[in-house]
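> I need the structure of the sequence given here:
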Amino acid sequence: MAGLCQRHGPVRLSQQPAFESLADAIISQQISGRAAEAIMNRLRDRLPIKAESLARANVRTLRGAGLSRAKTVYLRELANFAAAGGLDGIHSLSDTEVVERLTSVKGIGAWTAQMFLIFSLNRPDVWPVGDGGIQRAALNLYRIRSPRSLQKLGERFRPVRTHAAWYLWRSLDGA
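Okay, the predicted model is just below:
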């Protein structure tokens, strides 16, 4: 980890608006970062990434951006949730409360909620053990294979597990 810290410098987390962060996380589910970025860019070219726009968007428009049927449904569920005030006050909730609120939305699971905690709320102590990148990096760097061992590794980095996750992701960049 020390070598990664030296190589990549201080942690740099962007802060996306809540709705856009969640839409991006839904799009990123179970696909490569590069593919998710391409879909998000095509979607941005077609309409604003706002709850109102996605709720009203034609299914063909969403599918034409490269979204699967399921992700089209999930984005609409998110849009309706946001329009009903589901994201109001979310910044003031605890990490556990944020995860509970978000996972009540169809298409948002623990991983998506954790990505939101990291990339929208910039919470310092999120350890996304279900993330494929974190799993690959832990295997490469620490020879960790089991979820239990990965969870234990995270305890070494508490209370800044988000930063450890960021460095593990950077280790996969090839730089």
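> any figure for the gap between the closest residue to Pro17 other than its chain neighbours and Ile90?
In this structure, Pro17 finds its nearest non-sequential neighbour in Ser120, 7.2 Å apart by C-beta to C-beta, 6 or more residues apart in numbering. C-betas here are computed from N, CA, C, even on glycine. Shown here: Ser120 relative to Ile90, a distance of 9 Å by C-beta to C-beta, to the nearest Å.
> go on, Arg76?
Relative to Ile90, and taking C-beta to C-beta, Arg76 is found at 19 Å.
> which residues sit in contact with Leu93?
Contact analysis of Leu93 by C-beta atoms under 8 Å, 6 or more residues apart in numbering lists Arg101.
> next, give phi and psi for it.
phi -80, psi 160 (degrees, to the nearest 10).
> and the pLDDT at it?
Looking at Leu93, its pLDDT is 98.
> the one 4 residues further on too?
pLDDT recorded at Glu97 is 98.
> element containing it, please.
helix 95-102 (DSSP states H and E).
> off-centre distance for the helix or strand following that helix?
On the C-terminal side of helix 95-102, the closest following helix or strand by DSSP H and E is helix 110-119. Chain-centre distance of helix 110-119: 4 Å, with C-alpha atoms, centre = their mean, to the nearest Å.
> how's the protein carved up into domains?
By the assignment in automatic domain parsing, the chain contains the domains 2-11+127-171, 18-119.
> out of the ones you listed, which one sits most buried?
domain 18-119 (a mean of 17; mean count of other C-beta atoms under 10 Å).
> how far out from the middle of the chain is it?
Remark: domain 18-119 is offset 9 Å from the chain centroid, using C-alpha atoms, centre = their mean.
> where in the protein is pLDDT low?
Scanning the chain for pLDDT under 70 picks out the ranges 174-175.
> from Arg158, how far off is Leu43?
36 Å.
> contacting residues for the residue nearest the centre of the chain?
Using C-alpha atoms, centre = their mean, the residue of the chain that lies closest to the mean C-alpha position is Met115, 2.7 Å off. Applying C-beta under 8 Å, 6+ apart to Met115 gives the contacts Ser21, Ala25, Ser28, Pro128.
> cutoff 6 Å now
By C-beta atoms under 6 Å, 6 or more residues apart in numbering, the residues touching Met115 are Ala25.
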